[in-house]
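# Predicted model and sequence follow; I will ask about them next.
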Amino acid sequence: QSVLTQPPSVSAAPGQKVTISCSGSSSNIGNNYVSWYQQLPGTAPKLLIYDNDKRPSGIPDRFSGSKSGTSATLGISGLQTGDEADYYCGTWDSRLTAGVFGGGTKLTVL
Amino acid sequence: QVTLTESGPVVVKPTETLTLTCIVSGFPLTNARMGVSWIRQPPGKALEWLADVFSNNEKSYSRSLRNRLTISKDTSESQVVLTMTNFDPVDTATYFCARIMRSYSYYFDSWGQGILVTVSS
């Protein structure tokens, strides 16, 4: 059981936009920055978003992040088949004094 | 260029101790803003954070695994070691090490390729 809650799956057509939610509590998302990771099949996770809404160099602006209260959202616009992957949110939990992740969301581009 | 490389046994017997090594390059383990974490992923399941260590030797552990884990760093050798005692079938997973960026934030900006560790008697 993951500390952060994500929908197990989302889907959308190529070119469309999709959002993935990540819900937590005051001890994690509510008082800490959120990051997002993309994991393509058979590979290590890759940082997509950090500090709630910042993109590392090389990550296209089709990927966006936001946070409100104890929830965060990853947005992916202009969907491509290559975006099919598992997406994870992560942050620090001040009560657990540990890193925490969501359960992951599988994105299918129909 | 930042790289992290995991190494260790790929098969462990039940009740044995697993020792994994993460060799890092491209950044010093003495940088106060950076640390190294171990994260695992059972086949077909989600990521699970295990432990981390920073330049000042500050360490944190997963509460559910705290009694079985030890993380340590060897700055001169640029490596971080994780030991897990009493290995169990449920510990079968791909184990990743990742660089942590921490200031007012906490995130993993570089990951190793991972090492799949399975249990077998």
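Received, thanks. No experiment lies behind these values; they were computed from the predicted model shown.
# Doesn't A:Gly99 belong to a helix?
No: the assignment for A:Gly99 (DSSP: H, G, I helix; E, B strand; the rest coil) gives strand, which keeps it out of a helix.
# A:Gly64 touches A:Gly75, doesn't it?
I think there's a mix-up here, since residue A:64 is Ser and not Gly. Yes: look at A:Ser64 against A:Gly75 with C-beta atoms under 8 Å: they come within range, at 4.4 Å. C-beta: built from backbone N, CA, C; applies to glycine.
# Run a quick neighbour tally on A:Cys89.
By other C-beta atoms under 10 Å in any protein chain shown, the residues close to A:Cys89 number 33.
# go on, B:Gln79?
Other residues near B:Gln79 come to 19 when the count uses other C-beta under 10 Å.
# repeat for B:Thr15
That count, for B:Thr15 with other C-beta under 10 Å as the rule, works out to 11.
# Can you report phi and psi for it?
phi 80, psi -10 (degrees, to the nearest 10).
# Show the contacting residues for B:Arg68.
When contacts are counted by C-beta atoms under 8 Å, 6 or more residues apart in numbering or on different chains, B:Arg68 touches B:84-86.
# need the strands for chain B, in chain order.
Assignment of strands within chain B using DSSP state E yields the ranges B:3-7, B:11-12, B:18-25, B:34-41, B:48-54, B:59-61, B:69-74, B:79-84, B:93-102, B:106-111, B:115-119.
# Next, the angle from the fifth one to strand B:34-41.
What that stands for is strand B:48-54. Counting by axes from the mean of the first three to the mean of the last three C-alpha atoms, to 10 degrees, strand B:48-54 points 160 degrees away from the direction of strand B:34-41.
# list the helices and strands strand B:48-54 packs on?
Contact analysis of strand B:48-54 by 3 or more C-beta pairs under 8 Å, 6 or more residues apart in numbering or on different chains; DSSP states H and E lists strand A:98-101, strand B:34-41, strand B:59-61, strand B:69-74, strand B:79-84, strand B:93-102 as its packing neighbours.
# Reformat the ones you listed as TSV; add distance to B:Cys22 and mean pLDDT.
Output for those, formatted as TSV (distance: least, C-beta to C-beta, whole Å; pLDDT from 0 to 100):
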stretch	distance to B:Cys22	mean pLDDT
strand A:98-101	16	98
strand B:34-41	6	97
strand B:59-61	14	96
strand B:69-74	9	96
strand B:79-84	4	98
strand B:93-102	3	96
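# could these go into JSON lines alongside distance to A:Tyr88?
Supplementary listing: the helices and strands packed on strand B:48-54 in JSON lines, determined by distance: least, C-beta to C-beta, whole Å:
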{"stretch": "strand A:98-101", "distance to A:Tyr88": "5"}
{"stretch": "strand B:34-41", "distance to A:Tyr88": "10"}
{"stretch": "strand B:59-61", "distance to A:Tyr88": "19"}
{"stretch": "strand B:69-74", "distance to A:Tyr88": "21"}
{"stretch": "strand B:79-84", "distance to A:Tyr88": "20"}
{"stretch": "strand B:93-102", "distance to A:Tyr88": "12"}
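# Figure out which of those is closest to A:Val18.
Set against A:Val18 and scored by C-beta to C-beta, the helices and strands packed on strand B:48-54 come closest in strand A:98-101, at 19.7 Å.
# Bridge partners for the spatially most central residue of chain B, pull those for me.
Per C-alpha atoms, centre = their mean, the C-alpha nearest to the average position across chain B is that of B:Trp38, at 2.4 Å. When bridges are called by DSSP bridges, B:Trp38 pairs up with B:Ala51, B:Cys97.
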